[in-house]
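1. Pasting the sequence and the predicted coordinates here, then a few questions.
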Amino acid sequence: MEGIAQAAPALAMLAAFACVAGGVVTIRRGDRSKGVLMLVMAAVLVGNVLIWMV
């Protein structure tokens, strides 16, 4: 992997952590559906990184 391809998994993991944090905060503030969607998006990002690494 070269260039941006090397940074993509790291950026995706940072985005996944941010989505988890944002999802938890959003759920705590009372908007459960948006919070759950953010958690699902984080799971998809982690899944993508796992696929990229294989």
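-> Structure received.

2. Which elements pack onto the helix or strand harbouring Leu37?
-> Counting by DSSP states H and E, the element that carries Leu37 is helix 32-53. Here helix 32-53 touches helix 4-28, going by 3 or more Cβ pairs under 8 Å, 6 or more residues apart in numbering; DSSP states H and E. Any C-beta I mention is one placed from the backbone N, CA and C, and that applies to glycine too.

3. How confident is the prediction for the one residue sitting closest to the centre of the chain, by pLDDT?
-> The C-alpha lying nearest the average C-alpha coordinate of the chain belongs to Ala16 (Cα atoms, centre = their mean; 2.1 Å). You'll see Ala16 listed with a pLDDT of 97.

4. shouldn't it be in contact with Val46?
-> Yes. Distance between Ala16 and Val46: 5.2 Å, which falls inside the contact criterion (Cβ atoms under 8 Å).

5. In the protein, where is pLDDT below threshold?
-> For the chain, applying pLDDT under 70 flags the ranges 1.

6. what sits up against stretch 46-54?
-> Residues from elsewhere that reach stretch 46-54 (Cβ atoms under 8 Å, 6 or more residues apart in numbering): Ala8, Pro9, Ala12, Met13, Ala16.

7. try stretch 37-44
-> Counting contacts by Cβ under 8 Å, 6+ apart, the residues outside stretch 37-44 that touch it are Ala15, Ala16, Phe17, Cys19, Val20, Gly22, Gly23, Val24, Thr26.

8. Give the buried residues for that stretch.
-> Met38, Leu39, Met41, Ala42 (16 or more other Cβ atoms under 10 Å).

9. Convert it to PDB, retaining C-alpha atoms only.
-> The C-alpha trace of stretch 37-44 is given here as PDB (Å, rounded to 0.1, in the frame of the first residue of the first chain):
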ATOM      1  CA  LEU A  37     -27.300   4.900  13.700                       C
ATOM      2  CA  MET A  38     -23.900   6.400  14.700                       C
ATOM      3  CA  LEU A  39     -23.000   3.200  16.500                       C
ATOM      4  CA  VAL A  40     -24.000   1.100  13.500                       C
ATOM      5  CA  MET A  41     -21.800   3.400  11.300                       C
ATOM      6  CA  ALA A  42     -18.900   2.800  13.600                       C
ATOM      7  CA  ALA A  43     -19.400  -1.000  13.400                       C
ATOM      8  CA  VAL A  44     -19.400  -0.800   9.600                       C
END
